[in-house]
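S.K.: structure of the sequence below:
(2 chains)
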Amino acid sequence: MHDLRVLRDQAEWLREGLQRRGVLDTLAPTVDRGESLEADRRALIQAVEERKAQRNANSQEVARRKRAKEDADELIAEGRALGDEIARLEQELASTEDALHSVLLEIPNVTLPDVPAGDESNNVIVKEWGTPRPSDGVKPHWEIASHLGLFDLERAAKISGSGFVVYRKGGARLVRALMNFFIDSHRDEHGYEEVWPPLLVNRATMTGTGQLPKFEDDAYATRTDDLFLIPTAEVPVTNLYRDEIVDPDAMPMAFVAYSACFRREAGSAGKDTRGILRTHEFDKVELVRYAAPEQSAEQHELLTRHAETMLERLGIPYRRKLLAAGDTGFSSAKTYDLEAWAPGVGAWLEVSSCSNFTDYQARRANIRYRPAKGEKPRFVHTLNGSALAFPRTIACLLEHYQNADGTVNVPDVLRPYLGTDVLR
RNA sequence: GGACAGGUGGCCGAGUGGUUGAAGGCACCGGUCUCGAAAACCGGCAUACCGGUGAACCCGGUAUCGAGAGUUCGAAUCUCUCCCUGUCCGCCA
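M.R.: Below you'll find the predicted structure:
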């Protein structure tokens, strides 16, 4: 969410940002409306406060007269009239602020200057690592997994529905191995604090990171408790410090969390649905950082490197893609996607998305820090990235390391976790 | 899930419906004193928003005593709903 002051002071900057995302045509009327609502809001505040000041003075005079045993009936009548007028103006103010709030919620973050303008055709591959294995003669991961008995999609459909997976045998152990390998690396080598968050969170938490109210249909909700299953660990971890002022000495703060992630995926039927590439429940290790504004660009590079390192350790070829403004998520100011090569399906699979949200998310979740004693609190910058999402990583591992006989070599770093050097 | 007891400033803690943004204490900051420190004493010490020049300092105003709604000329104080915490009981891995 933007500061409502941008509507007063930086409307042109906002319009340029929308232009770069390619959404100015649709959102220009919204910005115009926001500007006028912002002016209305201030006028109403002045009107209300002026009358409240009168009422306060009036009440004090009533108190004085009563103590002096003087008559105050006339003043009391005056106060009643003021009260009615205040109630009316406050109602008007409330509806203006509601309207203003929904305007602000419709306006996406403005991307950073180094993000290319335009739609996804302007995305830039900024880096490539490793040599993609040729697709000739290699099988897709679902065939490998079926041969080795790693997933059981049929029974998953029976017990939960389509879009779920039961991992079995080496597949189940692979999930556990990836979780430990990722968390251990980030904790021990990259200095992240390990966090194990709840998977069910309340409405305020979902609102703090922007899943609600707009995207309520994308989340699973419980029937009776107004709790939601998290779509990513970003939600509980970013909300850890919601409504707090964090210690500046602790910054930047860095958290790593494994979680199951739950997504209804309404509207994405038929897209990458084969095998385990898009499921309603999947596992992911997530990195979250809180930084001071002047640190966030560098912190974004650092976090992205931490995610990349996981692919390098696993020996999976990948590329880093800088998303153009139009392809950058609503709340993000800059996003890198990491795409790993899956030779069996012959495609680059998105296994990580690393974003700098600047203060957009922090303002909504009200996460601040005080730069120095006596200074005003400022909003932190929040960043997060997957490192990594399991299912697509598993698909790439199986396809990249497959042997002609249907077995799969285990990369060195996973051997201690998996207890074997070949899945057979 | 049930029964009690609570939620007041960074912390502790007072508060009869009317100069209470809120006593007092602790912590913190500045000063006096001291060679220096401690002690003592003096002073300061919340946040947000609106306006005064869309800079600083400053000034005026409004709001905030868990949250929201209500009663009232006026609410930390009365009423209702909700949330949270503690203790006991129940249930449970």
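
S.K.: residues of the stretch 251-400 of chain A that sit close to RNA strand B?
M.R.: The stretch 251-400 of chain A comes close to RNA strand B at residues A:376-377, as judged by C-beta under 7 Å from any atom of the strand. C-betas here are computed from N, CA, C, even on glycine.

S.K.: buried residues, the helix or strand where A:Arg187 lies. List them.
M.R.: In the assignment (DSSP states H and E), A:Arg187 maps to helix A:169-188. The neighbour-count check on helix A:169-188 (16 or more other C-beta atoms under 10 Å) flags A:170-171, A:173-175, A:177-183, A:185-186 as buried.

S.K.: alpha carbons of that helix, as PDB, please.
M.R.: Extracted C-alpha coordinates of helix A:169-188, given in PDB (Å, rounded to 0.1, in the frame of the first residue of the first chain):
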ATOM      1  CA  LYS A 169       9.700 -44.100  -0.300                       C
ATOM      2  CA  GLY A 170      12.600 -42.200  -1.700                       C
ATOM      3  CA  GLY A 171      10.200 -39.400  -2.700                       C
ATOM      4  CA  ALA A 172       9.100 -38.900   0.800                       C
ATOM      5  CA  ARG A 173      12.700 -39.000   2.100                       C
ATOM      6  CA  LEU A 174      13.700 -36.600  -0.700                       C
ATOM      7  CA  VAL A 175      11.200 -34.000   0.700                       C
ATOM      8  CA  ARG A 176      12.600 -34.400   4.100                       C
ATOM      9  CA  ALA A 177      16.200 -34.200   2.800                       C
ATOM     10  CA  LEU A 178      15.600 -31.000   0.900                       C
ATOM     11  CA  MET A 179      14.000 -29.400   3.900                       C
ATOM     12  CA  ASN A 180      17.000 -30.100   6.000                       C
ATOM     13  CA  PHE A 181      19.500 -29.300   3.400                       C
ATOM     14  CA  PHE A 182      18.000 -25.900   2.600                       C
ATOM     15  CA  ILE A 183      17.400 -24.900   6.200                       C
ATOM     16  CA  ASP A 184      20.800 -26.000   7.400                       C
ATOM     17  CA  SER A 185      22.600 -24.100   4.600                       C
ATOM     18  CA  HIS A 186      20.700 -20.900   5.200                       C
ATOM     19  CA  ARG A 187      21.000 -21.100   8.900                       C
ATOM     20  CA  ASP A 188      24.600 -22.200   9.200                       C
END
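
S.K.: need the pLDDT of A:Leu44.
M.R.: Note for A:Leu44: predicted pLDDT of 91.

S.K.: and if you look at A:Arg242?
M.R.: Confidence score, pLDDT, at A:Arg242: 82.

S.K.: need the contact list for it.
M.R.: Contact analysis of A:Arg242 by C-beta atoms under 8 Å, 6 or more residues apart in numbering lists A:204-205, A:208, A:365-367.

S.K.: got it, and A:Pro236?
M.R.: A:197-199, A:201, A:205, A:230, A:257, A:259.

S.K.: in ChimeraX, how would I select the buried members of those residues?
M.R.: In ChimeraX, a selection of the buried entries from the contacts of A:Pro236 looks like this (16+ other C-beta under 10 Å):
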select /A:197,199,201,205,230,257,259
